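*Asks:* Turn this into a model:
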Amino acid sequence: MKKIGLATAVLLAMTGAHAYQVELQGQSEYINSKGFENSYTGDGQGTFYFKDVDASKGPLAEAAFLNKASNVQVGYHFDRQKEFNNTSTSEKTQSYGAKAEGYYDTSYIPMPVYGSASYTHTDVTSKEQGYKDKDRGDRYALEVGVLPTNNFLVAVGYTNVTNAYSLDNFKAFNNGVLTARNEANTANARYKTDAVTARVKYVGNIDNTNMAVGFEVDSIFVRGSAAYGLATDLYLTPKLSVGATYADTSAFDSGTDHIWGGNVNYFITPAISVGATYTKANAKNYRVVDSNLAQDAQTIGLNTRVRF
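*Replies:* Just a heads-up that it's a prediction; the model follows:
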């Protein structure tokens with residue numbers, strides 16, 4: 001019976017079932033950073049939805065958001081960098097995270113309520129001239145919001161960033177390693193561990209077409225200064241999308257002025273997708289907590305996901 005169940009799940013994934021409850025994703029980014037050898041990242045993420053997600057309407061990439069699907073997630077991130085012509089100097093980063101998201105209808109508020117909580121632990125091992133040093137950082141985040149209209153989320157939150165190594169594991173997966181590194185360094189650039197966040201997200205169909213558009217704006221506030229990011233996607237069909245991203249942290253001594261990028265994603269079936277990303281970070285000559293973060297850098301990434 002177990003073999004039959006497994007075979008059925010695989011068959012549904014391959015033939016394109018329009019409902020799913022589990023999503024597995026993986027990605028890798030090639031990093032080209034000034035002063036460092038080229039290196040790669042590895043990321044994995046798994047999501048379990050408490051109810052079946054209907055993927056038959058709207059962009060397949062946003063099926064969970066369109067369904068207001070409550071879920072739990074786990075994620076992992078790895079990367080390693082070495083200095084040019086110096087094999088004894090390197091830095092390895094590993095990050096583990098867990099997250100829960102929920103959408104609720106209540107009798108107290110005439111609109112759906114959203115809430116999320118996440119935790120990430122990051123370990124960094126640095127080697128220089130035969131000496132080894134270890135750093136670690138924990139990251140906590142809470143977020144609450146409402147959906148004033150269909151497919152439109154407004155949320156505010158709080159995050160505790162122990163140090164510049166405290167990556168948001170899920171931001172590393174969804175927005176790329178350069179954005180995640182810079183966001184952590186920005187939040188901690190003024191030696192503050194507490195920050196306020198704000199986020200707006202919308203996905204909607206374009207009238208009289210098979211296309212849709214989506215955007216997400218997120219901000220982080222530390223001591224009255226703000227950094228923000230913007231992601232926008234054009235869904236040419238429910239299966240195919242192209243997008244652009246931009247992040248501005250010029251208000252902080254984070255080592256990076258801005259990060260921009262682009263992406264393309266395609267669902268081979270409603271259950272299997274592939275994608276590619278590109279990001280570029282421009283350095284800014286200010287004091288930074290981690291000098292590695294002040295380098296000009298660019299990444300090219302590939303990703304895939306399977307739903308069943």
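*Asks:* Which positions in the helix or strand containing His258 come out as buried?
*Replies:* In this structure, His258 is located in strand 256-269 according to DSSP states H and E. For strand 256-269, burial by neighbour count (16 or more other Cβ atoms under 10 Å) applies to 256-259, 261, 263, 265-267, 269. (Each C-beta comes from the backbone N, C-alpha and C, glycine too.)
*Asks:* For those residues, give me TSV that also has distance to Ser95 and pLDDT.
*Replies:* Supplementary listing: the buried residues of strand 256-269 in TSV, determined by distance: Cβ to Cβ, whole Å; pLDDT from 0 to 100:
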residue	distance to Ser95	pLDDT
Thr256	19	67
Asp257	25	72
His258	24	82
Ile259	19	88
Gly261	20	94
Asn263	21	96
Asn265	23	97
Tyr266	28	98
Phe267	28	97
Thr269	31	96
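*Asks:* Most widely separated two among these?
*Replies:* Spanning the widest gap among the buried residues of strand 256-269 are Asp257 and Thr269, at 40.7 Å by Cβ to Cβ.
*Asks:* how far away is the closest residue to Lys127 other than its chain neighbours from Thr125?
*Replies:* Spatial nearest neighbour of Lys127, excluding adjacent residues (Cβ to Cβ, 6 or more residues apart in numbering): Ser90 at 5.1 Å. With the distance defined as Cβ to Cβ, to the nearest Å, Ser90 ends up 8 Å from Thr125.
*Asks:* And Asp54, by the same measure?
*Replies:* 44 Å.
*Asks:* can you pull the buried residues of the helix or strand containing Val217?
*Replies:* Per DSSP H and E: Val217 is located in strand 212-222. Of the residues in strand 212-222, those buried by neighbour count under the rule 16+ other Cβ under 10 Å are 212, 214-216, 218-222.
*Asks:* now stretch 24-36
*Replies:* Buried, per 16+ other Cβ under 10 Å, within stretch 24-36: 25-29, 31, 33, 36.
*Asks:* neighbouring contacts of that stretch?
*Replies:* 38-47, 79, 81-84, 173, 176-178, 277, 283, 292, 295-307 (Cβ atoms under 8 Å, 6 or more residues apart in numbering).
*Asks:* among the buried residues of stretch 24-36, which are in strands?
*Replies:* 25-29, 31, 33 (DSSP state E).
*Asks:* so what secondary structure elements neighbour the following helix or strand past the strand holding Val217?
*Replies:* The helix or strand immediately downstream of strand 212-222 is strand 225-235, counting by DSSP H and E. Helices and strands touching strand 225-235, by 3 or more Cβ pairs under 8 Å, 6 or more residues apart in numbering; DSSP states H and E, are helix 177-187, strand 212-222, strand 240-248.
*Asks:* Can you show me the strands along the protein?
*Replies:* 19-33, 39-54, 71-83, 86-104, 113-128, 131-149, 152-161, 194-205, 212-222, 225-235, 240-248, 256-269, 272-283, 297-307.
*Asks:* Same list (those strands) but as TSV, adding distance to Glu183.
*Replies:* Listed next are these as TSV, based on distance: least, Cβ to Cβ, whole Å:
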stretch	distance to Glu183
strand 19-33	16
strand 39-54	15
strand 71-83	13
strand 86-104	13
strand 113-128	12
strand 131-149	10
strand 152-161	9
strand 194-205	10
strand 212-222	7
strand 225-235	7
strand 240-248	8
strand 256-269	9
strand 272-283	11
strand 297-307	14
